[in-house]
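Participant: I need the structure of the sequence given here:
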Amino acid sequence: MARLKFVAYSFAVVVIWLVEHQAHAQSWPSRPVTMVVPYAAGGNVDIAARVFARELSSKLGQQVIIENKSGAGGIVGTVAVAKAKPDGHTLLLTASGPAALNKLLYRSIPYDTDTEFTPIVVTNDVPQVLVVDPKLPVRNLGELVAYAKQRKSLSLGHAGPGTTGHLASAETRLDFLPQIPTVRESGIADVVATTWNALLAPVGTSSDVVAKINAIINEFLKEDACEEVAYALDVLKLDGVSLFTSYDGQFLGQPSFDPVMAALDAKGSVAFVIEYPFDTTRTATNLIFSGALDRFPSIRFVLAHGGGTLPYLAYRLAMVGSQQLAHREFTDRFPLPFFTQNPQAAEPGFLLARIRRFWFEVALSAGEGTIATIKAVADPTRILFGTDWPYAPETILVDTVAQLNANASLTAAERKAIASDNAQKLFA
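Facilitator: Here you go, the predicted model:
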């Protein structure tokens, strides 16, 4: 009897906890929410926080107030949130320094991000740019390195210990600074750094509250991207947009990009996909295998640099469908709904037809062998001339033109089509 009473009591406690937990999530927020920024006002973290606070305020029906608690490389504000009551009314919008780097730079810090915080959402990335005094006799990173080696010392300014600028400065080329090369392009390999911002809550915060904030922020980010597309196409009257092959580890065919893809598809827009060769191949394959290429047939995807390795792997990829459908153990381990929903995908021609729907831009890829490989899988009316300028120097542009003109595998009509006619049709 005692055991039955204990079990009944335990069950009652669990039920009460669940009811209270659900009631808290439904009533949250019951008062204004404080979003702590561990930096002074005016910086990139503060600006991002104010953008997201405005969105949360409009969706939650309670004011989200920014409180700047700067000091000690972000430690002061971070500790304040770590000690706050985990009721969802105190949040931390922080950067990679306090969230991840401080524990690597300091012997001890008065908080542990892994155990004292619940992550909600990564909000945005912040590019890093290296600038110098215009009086210095340097015009690129290589010259700066050589100049520094000639001197005993060189002053460097950054946002403070623990910031990404303190450790390294590099990124992929920026849309608003396309003429500025990356650190990697400047001759220093394996240096890629970016600051990320994230929204955290004290550990113990209700999972329902965390999920609600996450959903609001992610929906806002999608809307923001769609607004950018609308502005580019409707206000600036552009023919399309440039897209990287992936964002936060997700390639373009993932469902999370569907709102943006739908906006582009509705306008029949050009989407110029830029990145390194293997990533171009991955995102093209992802667009096909995810079904996105079929869901958004009006988007005109242009693959940079000859489509990466896609032309070379096209026939191998075309065999994936038949292999998957023929081997049940493979299907069970690596299910791709695209193939089970399209039995005709077992035929190599099914996938090859989809590869032919891409446009292939031949910057750095105008050699006779490369062009011949592209022609073997691409629609000949969808091969476009490209030079990679201004990213590549003018000598590369001249060399690309010379390669195209000397390409014996092309007729005069084909050269003209690649040089100009195909592009004029694409943007007509």
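Participant: can you tell me which strand in the chain is longest?
Facilitator: In the chain, ranked by residue count with DSSP state E as the criterion, the top strand is strand 117-126.
Participant: now do the same end-to-end measure for stretch 129-137.
Facilitator: Using C-alpha to C-alpha, to the nearest Å, the span of stretch 129-137 from its first residue to its last is 18 Å.
Participant: What average pLDDT does it get?
Facilitator: Taken as a whole, stretch 129-137 has a mean pLDDT of 82.
Participant: Next: stretch 146-165.
Facilitator: Mean pLDDT, stretch 146-165: 68.
Participant: Pull out the buried residues from the longest strand of the chain.
Facilitator: By neighbour count on 16 or more other C-beta atoms under 10 Å, the buried set for strand 117-126 is 117, 120-124, 126. Every residue, glycine included, has its C-beta placed from N, CA and C.
Participant: Can you name the next helix or strand after the one helix or strand in the chain whose mean pLDDT sits lowest?
Facilitator: Per-element confidence for the chain was summarised using mean pLDDT, DSSP states H and E. The lowest value among helices and strands belongs to helix 164-167, with a mean of 47. Proceeding N to C from helix 164-167, the next assigned helix or strand is strand 195-202, under DSSP states H and E.
Participant: Which other helices and strands does that next one contact?
Facilitator: Applying 3 or more C-beta pairs under 8 Å, 6 or more residues apart in numbering; DSSP states H and E, one finds that strand 195-202 makes contact with helix 44-60, helix 75-82, strand 90-95, helix 96, strand 117-126, helix 207-230.
Participant: How far does it sit from its chain's centre?
Facilitator: Relative to its chain's centre, strand 195-202 lies at 17 Å (C-alpha atoms, centre = their mean, to the nearest Å).
Participant: how big is the angle separating it from helix 75-82?
Facilitator: Relative orientation of strand 195-202 and helix 75-82, computed by axes from the mean of the first three to the mean of the last three C-alpha atoms, to 10 degrees: 40 degrees.
Participant: mean confidence score for strand 195-202?
Facilitator: When pLDDT is averaged along strand 195-202, the result is 90.
Participant: likewise stretch 292-300?
Facilitator: Computed over stretch 292-300, the average pLDDT equals 94.
Participant: And the contacts of that stretch?
Facilitator: Applying C-beta atoms under 8 Å, 6 or more residues apart in numbering, the contact partners of stretch 292-300 are 240, 252-253, 257-258, 261-262, 264-271, 286-287, 301, 354, 357, 359, 426.
Participant: first to last residue in it, what's the distance?
Facilitator: Distances were taken as C-alpha to C-alpha; on that basis the terminal residues of stretch 292-300 are 12 Å apart.
Participant: With that, I have no additional questions.
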